[in-house]
Structure formats: C-alpha cells, structure tokens
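Enquirer: have a look at this prediction, sequence included:
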Amino acid sequence: MSITRKLEEQLAVPSPEQLAWQDMELGMFCHFGINTFCDQEWGGGKDAPALFNPERLDAKQWARSAKEAGFRYLILTAKHHDGFCLWPTATTDYSVASSPWKEGKGDVVKECAEACREEGIGFGIYVSPWDRHEPCYADPQQYDDFYCRQLEELLTGYGPLVEIWFDGAGSEGREYDWPRIMGLVKKYQPSAMVFNMGAPTIRWVGNEDGVAPYPCWNTADSSRGSMFSEESLKWLTETPSWVPAECDVPIRKDRWFWHPDEEHLLLSLDQLMDIYYRSVGHGATLLLNVAPDPRGLLPEADVKRLLEFGREIKRRFGSALAEGSGSGEAVQLILPQACVIDHVVVMEEIAYGERISQYVLEAFVGGEWLELTRGSAIGHKKIDAFSPVTTDKVRLRVLEAAASPVIKKLAVYRCGQ
C-alpha cells in the first residue's frame, strides 16, 4: 500500500456534531405552507393568509411516519420563498396568525417541534433568505435586520435544532449579512448543522435527485448554490474543512409541495432504493421530502411508500451475516460458516478523518481470493453490491490511503432481489 497525501496534507476531521449528524443518515423534509393550498411550487408572496386552513393538521403523524420508516430527523419549511411564516412571528402579519387555522392562534413550527421530541427524532427548520412578500427585501440592510429578527425567534423558541436549512434559490447575486446570521446560530443553536450558506457545516450535493456522485469526499472548498446557478457559494472563513453532503429529493418526482391528483408521480420502491444506494451508500445523508396535503396530513399513498422504503432498507441491511472492524492495510472478516453474499458495507472511523482513497474487496472462493469490487472513497459508509458468491472469508485491502486506515465496520449481507 502506498501512503499518500491525496486528500489533504493535514487530514480534516468532523466535529462531534457532524459525526452525530452523519450517523443519522436519513432525514425527512416537509414542504408545507401557503403553496399547499394554491397548487404551486413557488408562490409570489401575494396569496391571502385566509387560504391557509389545515383543519386536520397532525404533526404527530408526520413525525411518527418518519420514525417508523427509520428516519432520524425532520426538517420543516418554516418560511419558503413566498415569505409566509408557519409560526406567529412578530415581524410580519404574513403568517399563520392571520389565517383562519385555529382562529389565528396556531403555530405549525411548535407542533412539529413537539411531535419530533415526542418521537425522539431531531427537528430542523428551513428558513428561506429570499422573501417575495416582504417589501423591505429591496433594502439589503433593512431586510438583514428583518431576517435576523425572524431567525432569532426560531432559534430561541422551539428547543434544540438539529439543522438549519438556508436555501440558495432566488438569492443568486444577493449578499446577506452572513457573519451576523451565523453569530445568531452560534449563540442560540451551536450544535445545529448549517446547510450550505454562510458558514455551513454540511453542503448541498448539487442536484435534487437525491444522489451523490462517486466519489463524494467529505472535504470541499465550495458548493453549488442552487438549481438555477452554476455559481459556487462563497463560504465564510469559519466554514470547516469537513463539510459532508446532504442529498435532497421529493418522494413525488419534481414536486416539493403537495398537488392534487399526482399520486402517479410517487417514486417506486426500486427508485427509492437506487437513491439510497447512491446517497447513504456513497457516504452522504439522504433528505427525502414527503409533503403534507391541505388537511395537514401526509397523504396515505405517500406514507405507504415511505414505510415500504423503510422496511426494505431494514430487510436488506438490518442484520448482517457477519461483521467486524480493524485497522491497517488489510482487514479480514471470517464468517461463522460458508454463506452466499451479495453486498458488503464498509465504514471508516471518520473521527480520524477520511483516510482511504483506493481499496479492493475480495472473497475467498475455491481456495483463492476473488475480487468482488473496488473503489475509492469509503468515508462514513460505502455500500457495494455484486453478483452472489459463496464464501466463508472476506477481506478489504487498502491500496492507497492518506494515513493508516481505521475500519469501524466491515459487514456482509445476502440481500437478494
């Protein structure tokens, strides 16, 4: 094995908060707001608050569905580009407080935060910097004051947040007061992950298909800002060298908000599993959007598909035939008996950094080592699938690394199809 310095002269390592976030692997996005009642994806900020009236809203159903499917955090669109706020903010009357829902006394953010805590999953918020309703948006300094007041309400009023999602869409070319914004995050929610803008601790993968390229290294100098610009974001100097990727995708093709009569756009189980292999299986985290409907409920068909997805992940990877750990240029796993295998999952101990840059997986078959597959990045997790073989020994050989490899998990499975 050749020890190289391909990745960095000094290896980057994740913070404890980043480590915990990467271990969650699966998050659920909930796009919900005034758009839900207007059959649109992007509102212009002119839709009347009177339209917002989810009479059967049940955030517990959202959180319960996420938990049952094996998802470990949930992110709610507290404010989308239209500027309509799902909490009773003091900054504008364009919010749930001006709606007929609960006679203007409701708070979707609060109900969702409490539901997530009750289910034991993390809660995060999406707060669009771009605001198509607020008149002061045209004045950058005045809007920075406005936005920071909104953010402070959200950062202080709803308990611990696992993630704060700053969407770059619509903000191409706009300079917000990111040092001030990040100061609020650090003051009130220092453990929260920050998505892609300001001084991010996680980055956007660069598409809305839910898939990470391979290799998808955990270190990056920049990230694409939105689907509408190839321009890379300018991150603050406080941005760490370790910035893992999050892969977002809606469960209904190209639809983030609910629309009527579009169940045919639901991704199939096979499509979702392909996304899983190319997100979580490439070392990234998957953020799957399931949008509540005008009742305030996740649609039955969407929940059914979500739970099917969770069950299939558990069926394939819930119980390994054998697993182990180790360090050095070769790690061998001896099975209790000869078995048919068709998947290997490898995880580096990324607390020490992402060290491996080339590897090969082999199985002992017919008295000799047979190559199963090879790759480059392992990082948090790499899932390798291959044609079934019968073996009682598997080994990982590291061909190139930036430092002595440390393998947290080497596991074999028979998933079948």
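Expert: On my side now, so go ahead.
Enquirer: the nearest residue to Ser387 once chain neighbours are set aside: what's it in contact with?
Expert: Nearest non-adjacent residue to Ser387, counting by C-beta to C-beta, 6 or more residues apart in numbering: Asp342, 7.0 Å away. In short, each C-beta sits where N, CA and C put it, glycine included. Shown in contact with Asp342 (C-beta atoms under 8 Å, 6 or more residues apart in numbering): Ala385, Phe386, Ser387, Pro388, Val389, Tyr413, Arg414, Cys415, Gly416.
Enquirer: repeat the analysis, applying 10 Å as the threshold.
Expert: By C-beta atoms under 10 Å, 6 or more residues apart in numbering, the residues touching Asp342 are 316, 372, 384-389, 412-417.
Enquirer: which of the residues you listed sits closest to Pro14?
Expert: Asp384 (22.8 Å; C-beta to C-beta).
Enquirer: looking at it, the closest one is touching Ser376, isn't it?
Expert: No. With contact defined as C-beta atoms under 10 Å, Asp384 does not reach Ser376; the gap is 11.9 Å.
Enquirer: quick revisit: just the buried ones from the contacts of Asp342, in PyMOL syntax?
Expert: Only the buried entries of the contacts of Asp342 go into this PyMOL selection, using 16 or more other C-beta atoms under 10 Å:
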select buried, resi 316+372+384+389+412+413
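Enquirer: residue boundaries of the helices in the stretch 1-150 of the chain?
Expert: All helices of the stretch 1-150 of the chain, identified by DSSP state H, counting those that start in this stretch, fall at 16-24, 59-68, 108-119, 140-157.
Enquirer: need those in CSV with mean pLDDT, can you?
Expert: CSV is the format used below for these (pLDDT from 0 to 100):
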stretch, mean pLDDT
helix 16-24, 98
helix 59-68, 98
helix 108-119, 98
helix 140-157, 98
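Enquirer: among those helices, which comes closest to Thr92?
Expert: Of the helices of the stretch 1-150 of the chain, nearest to Thr92 by C-beta to C-beta is helix 140-157, at 8.0 Å.
Enquirer: how about Pro336, phi and psi?
Expert: The phi and psi torsions at Pro336 (degrees, to the nearest 10) take the values phi -60, psi -30.
Enquirer: pLDDT value on the residue nearest the centre of the chain, please?
Expert: Nearest to the mean C-alpha position of the chain, counting by C-alpha atoms, centre = their mean, stands Leu287 at 3.6 Å. As predicted, Leu287 sits at a pLDDT of 98.
Enquirer: let me know the secondary structure of it.
Expert: strand (DSSP: H, G, I helix; E, B strand; the rest coil).
Enquirer: surely it is in contact with Asp248?
Expert: Yes. Taking C-beta under 10 Å as the definition, Leu287 is a contact partner of Asp248 at 4.4 Å.
Enquirer: common neighbours of those two, please.
Expert: Taking C-beta under 10 Å, 6+ apart as the contact rule, Leu287 and Asp248 both touch Gly27, Phe29, Ile75, Trp165, Phe195, Trp204, Val205, Gly210, Ser279.
Enquirer: with pLDDT and neighbour count as extra columns, can I get these in JSON lines?
Expert: Formatted as JSON lines, the shared contacts of Leu287 and Asp248 follow (pLDDT from 0 to 100; neighbours: other C-beta atoms under 10 Å):
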{"residue": "Gly27", "pLDDT": "98", "neighbour count": "25"}
{"residue": "Phe29", "pLDDT": "98", "neighbour count": "25"}
{"residue": "Ile75", "pLDDT": "98", "neighbour count": "27"}
{"residue": "Trp165", "pLDDT": "98", "neighbour count": "24"}
{"residue": "Phe195", "pLDDT": "96", "neighbour count": "24"}
{"residue": "Trp204", "pLDDT": "94", "neighbour count": "25"}
{"residue": "Val205", "pLDDT": "95", "neighbour count": "28"}
{"residue": "Gly210", "pLDDT": "97", "neighbour count": "26"}
{"residue": "Ser279", "pLDDT": "98", "neighbour count": "27"}
